[in-house]
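Peer 1: Fold the following, please.
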Amino acid sequence: MNAQTQLNIFIAMFRANILGYGGGPPTIPLVHKEVVDKYKWMSDEEFSDAVALGNTLPGPIITKLCGYIGYQIGGTLGLINAIIAAIMPTAILTIILVGTLSSFRDIPFVQGMTYAIAPVVGVLLIIMTYNFLKQSNKKAGFLGTVLLTFISLIVLEWLNVHPAILIVTLIAIALIRKPKEEKQQERGDH
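Peer 2: Prediction:
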(Lines give C-alpha, C1' and ligand atoms only; values in the text may rest on other atoms or scores of the structure.)
Protein backbone atom coordinates (compact mmCIF):
# COMPACT_ATOMS: atom_id res chain seq x y z
CA MET A 1 0.00 0.00 0.00
CA ASN A 2 1.50 3.32 -0.99
CA ALA A 3 2.00 6.29 1.29
CA GLN A 4 -0.33 8.51 -0.77
CA THR A 5 -3.26 6.15 -0.20
CA GLN A 6 -2.56 6.10 3.55
CA LEU A 7 -2.38 9.90 3.56
CA ASN A 8 -5.69 10.08 1.67
CA ILE A 9 -7.32 7.68 4.16
CA PHE A 10 -6.15 9.88 7.02
CA ILE A 11 -7.27 13.12 5.36
CA ALA A 12 -10.68 11.71 4.40
CA MET A 13 -11.48 10.36 7.86
CA PHE A 14 -10.01 13.35 9.69
CA ARG A 15 -11.91 15.85 7.53
CA ALA A 16 -15.22 14.02 7.94
CA ASN A 17 -14.80 13.71 11.70
CA ILE A 18 -13.57 17.26 12.33
CA LEU A 19 -16.67 18.58 10.53
CA GLY A 20 -19.09 15.97 11.90
CA TYR A 21 -20.95 17.90 14.56
CA GLY A 22 -23.20 15.88 16.83
CA GLY A 23 -21.64 12.42 16.92
CA GLY A 24 -21.67 9.40 14.64
CA PRO A 25 -24.92 9.56 12.66
CA PRO A 26 -24.41 13.13 11.40
CA THR A 27 -20.83 12.24 10.43
CA ILE A 28 -21.83 9.25 8.27
CA PRO A 29 -22.89 11.44 5.30
CA LEU A 30 -19.54 13.26 5.50
CA VAL A 31 -17.65 9.95 5.43
CA HIS A 32 -19.88 8.89 2.51
CA LYS A 33 -18.93 12.06 0.63
CA GLU A 34 -15.22 11.33 1.10
CA VAL A 35 -15.28 7.57 0.48
CA VAL A 36 -17.87 7.30 -2.31
CA ASP A 37 -17.92 10.68 -4.03
CA LYS A 38 -14.41 12.13 -3.62
CA TYR A 39 -12.06 9.13 -3.55
CA LYS A 40 -14.41 6.54 -5.11
CA TRP A 41 -13.09 3.79 -2.86
CA MET A 42 -16.56 2.25 -2.52
CA SER A 43 -19.88 2.26 -4.34
CA ASP A 44 -23.08 3.44 -2.65
CA GLU A 45 -24.07 -0.19 -2.14
CA GLU A 46 -20.75 -1.14 -0.53
CA PHE A 47 -20.94 1.90 1.75
CA SER A 48 -24.51 1.04 2.75
CA ASP A 49 -23.40 -2.49 3.56
CA ALA A 50 -20.53 -1.13 5.68
CA VAL A 51 -22.91 1.11 7.63
CA ALA A 52 -25.33 -1.79 8.13
CA LEU A 53 -22.49 -3.99 9.37
CA GLY A 54 -21.28 -1.23 11.71
CA ASN A 55 -24.78 -0.85 13.14
CA THR A 56 -24.91 -4.51 14.10
CA LEU A 57 -21.85 -4.26 16.33
CA PRO A 58 -21.63 -2.55 19.72
CA GLY A 59 -19.81 0.75 20.12
CA PRO A 60 -19.66 4.06 18.27
CA ILE A 61 -20.72 3.65 14.64
CA ILE A 62 -18.29 6.15 13.17
CA THR A 63 -15.19 4.52 14.65
CA LYS A 64 -16.25 1.09 13.38
CA LEU A 65 -17.18 2.49 9.97
CA CYS A 66 -13.90 4.36 9.53
CA GLY A 67 -11.92 1.34 10.73
CA TYR A 68 -13.70 -0.99 8.32
CA ILE A 69 -13.22 1.37 5.38
CA GLY A 70 -9.58 1.94 6.29
CA TYR A 71 -9.03 -1.82 6.38
CA GLN A 72 -10.76 -2.34 3.03
CA ILE A 73 -8.69 0.38 1.37
CA GLY A 74 -5.34 0.09 3.14
CA GLY A 75 -5.21 -3.17 5.08
CA THR A 76 -4.21 -3.26 8.75
CA LEU A 77 -2.23 -0.03 8.48
CA GLY A 78 -5.25 1.61 6.84
CA LEU A 79 -7.47 0.43 9.71
CA ILE A 80 -5.17 1.93 12.35
CA ASN A 81 -4.73 5.09 10.28
CA ALA A 82 -8.47 5.56 9.80
CA ILE A 83 -9.31 4.99 13.47
CA ILE A 84 -6.66 7.46 14.59
CA ALA A 85 -7.98 10.01 12.07
CA ALA A 86 -11.55 9.38 13.28
CA ILE A 87 -10.86 9.85 16.99
CA MET A 88 -8.20 12.56 16.77
CA PRO A 89 -10.58 15.49 16.09
CA THR A 90 -12.72 14.57 19.09
CA ALA A 91 -9.70 14.15 21.33
CA ILE A 92 -8.17 17.47 20.24
CA LEU A 93 -11.44 19.39 20.56
CA THR A 94 -12.21 17.82 23.93
CA ILE A 95 -8.81 18.83 25.30
CA ILE A 96 -9.17 22.37 23.96
CA LEU A 97 -12.82 22.95 24.76
CA VAL A 98 -13.46 20.96 27.95
CA GLY A 99 -12.70 23.86 30.22
CA THR A 100 -13.94 26.70 28.07
CA LEU A 101 -17.15 25.23 26.66
CA SER A 102 -18.93 24.94 29.99
CA SER A 103 -18.20 28.58 30.77
CA PHE A 104 -19.57 29.75 27.40
CA ARG A 105 -22.57 27.45 26.95
CA ASP A 106 -25.06 30.05 28.21
CA ILE A 107 -23.89 32.76 25.81
CA PRO A 108 -26.57 33.35 23.15
CA PHE A 109 -23.99 33.20 20.33
CA VAL A 110 -22.89 29.68 21.33
CA GLN A 111 -26.50 28.54 21.73
CA GLY A 112 -27.29 30.05 18.33
CA MET A 113 -24.47 28.07 16.72
CA THR A 114 -25.91 24.86 18.11
CA TYR A 115 -29.40 25.71 16.90
CA ALA A 116 -28.10 26.73 13.46
CA ILE A 117 -26.21 23.47 12.96
CA ALA A 118 -29.18 21.25 13.87
CA PRO A 119 -31.08 21.77 10.56
CA VAL A 120 -27.92 21.09 8.54
CA VAL A 121 -27.39 17.83 10.42
CA GLY A 122 -31.04 16.99 9.79
CA VAL A 123 -30.63 17.53 6.03
CA LEU A 124 -27.50 15.35 5.99
CA LEU A 125 -29.42 12.57 7.75
CA ILE A 126 -32.36 12.92 5.33
CA ILE A 127 -29.98 12.60 2.36
CA MET A 128 -28.38 9.52 3.90
CA THR A 129 -31.80 8.03 4.63
CA TYR A 130 -32.83 8.61 1.03
CA ASN A 131 -29.68 6.87 -0.19
CA PHE A 132 -30.32 3.91 2.12
CA LEU A 133 -33.91 3.66 0.91
CA LYS A 134 -32.67 3.62 -2.71
CA GLN A 135 -30.25 0.80 -1.86
CA SER A 136 -32.95 -1.11 -0.03
CA ASN A 137 -35.28 -0.67 -2.99
CA LYS A 138 -32.68 -2.32 -5.24
CA LYS A 139 -32.35 -5.32 -2.92
CA ALA A 140 -35.81 -5.71 -1.35
CA GLY A 141 -37.98 -4.07 -4.01
CA PHE A 142 -40.36 -1.18 -3.52
CA LEU A 143 -42.98 -3.08 -1.52
CA GLY A 144 -40.35 -4.70 0.72
CA THR A 145 -38.70 -1.34 1.38
CA VAL A 146 -41.98 0.38 2.22
CA LEU A 147 -43.04 -2.52 4.44
CA LEU A 148 -39.71 -2.65 6.34
CA THR A 149 -39.70 1.14 6.73
CA PHE A 150 -43.24 1.18 8.09
CA ILE A 151 -42.63 -1.76 10.45
CA SER A 152 -39.38 -0.18 11.69
CA LEU A 153 -41.15 3.13 12.33
CA ILE A 154 -43.88 1.43 14.35
CA VAL A 155 -41.46 -0.74 16.33
CA LEU A 156 -38.99 2.06 17.09
CA GLU A 157 -41.25 5.07 17.60
CA TRP A 158 -44.60 3.76 18.76
CA LEU A 159 -43.62 0.58 20.57
CA ASN A 160 -40.36 2.09 21.91
CA VAL A 161 -38.33 -1.04 21.16
CA HIS A 162 -34.58 -0.50 21.35
CA PRO A 163 -33.00 -0.26 17.86
CA ALA A 164 -30.53 -3.05 18.69
CA ILE A 165 -33.40 -5.49 19.22
CA LEU A 166 -34.88 -4.60 15.84
CA ILE A 167 -31.51 -4.90 14.09
CA VAL A 168 -30.73 -8.29 15.68
CA THR A 169 -34.21 -9.55 14.81
CA LEU A 170 -33.88 -8.48 11.18
CA ILE A 171 -30.42 -10.04 10.93
CA ALA A 172 -31.79 -13.30 12.35
CA ILE A 173 -34.65 -13.27 9.83
CA ALA A 174 -32.19 -12.60 6.98
CA LEU A 175 -29.92 -15.43 8.12
CA ILE A 176 -32.87 -17.84 8.31
CA ARG A 177 -34.24 -16.78 4.91
CA LYS A 178 -30.87 -16.88 3.11
CA PRO A 179 -30.34 -20.68 3.38
CA LYS A 180 -33.95 -21.29 2.31
CA GLU A 181 -33.48 -19.05 -0.76
CA GLU A 182 -30.18 -20.77 -1.61
CA LYS A 183 -31.84 -24.22 -1.41
CA GLN A 184 -34.66 -23.03 -3.66
CA GLN A 185 -32.11 -21.71 -6.17
CA GLU A 186 -30.24 -25.04 -6.12
CA ARG A 187 -33.47 -26.92 -6.82
CA GLY A 188 -34.24 -24.53 -9.66
CA ASP A 189 -30.74 -24.83 -11.15
CA HIS A 190 -30.81 -28.64 -11.43
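Peer 1: what about the helices in the chain?
Peer 2: 3-19, 24-32, 44-56, 61-104, 108-153, 163-189 (DSSP state H).
Peer 1: buried set for stretch 145-152?
Peer 2: Residues residue 145 are the ones in stretch 145-152 that count as buried (16 or more other CB atoms under 10 Å). C-betas here are computed from N, CA, C, even on glycine.
Peer 1: just how off-centre is that stretch within its chain?
Peer 2: Centre-to-centre, stretch 145-152 and its host chain are 19 Å apart (CA atoms, centre = their mean, to the nearest Å).
Peer 1: Contacts for that stretch, please.
Peer 2: Under the criterion CB atoms under 8 Å, 6 or more residues apart in numbering, residues 133, 136-137, 140, 166, 170 lie in contact with stretch 145-152.
Peer 1: Quick one: buried ones out of those residues?
Peer 2: In these, the ones that pass as buried (16+ other CB under 10 Å) are 136, 170.
Peer 1: okay if I get the contacts of stretch 145-152 as a markdown table plus distance to residue 33 and pLDDT?
Peer 2: Listed next are those as a markdown table, based on distance: CB to CB, whole Å; pLDDT from 0 to 100:
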| residue | distance to residue 33 | pLDDT |
| --- | --- | --- |
| 133 | 18 | 84 |
| 136 | 20 | 81 |
| 137 | 21 | 81 |
| 140 | 25 | 79 |
| 166 | 27 | 86 |
| 170 | 27 | 82 |
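Peer 1: Could you tell me the end-to-end distance of stretch 25-41?
Peer 2: Distance across stretch 25-41, first residue to last, is 20 Å (CA to CA, to the nearest Å).
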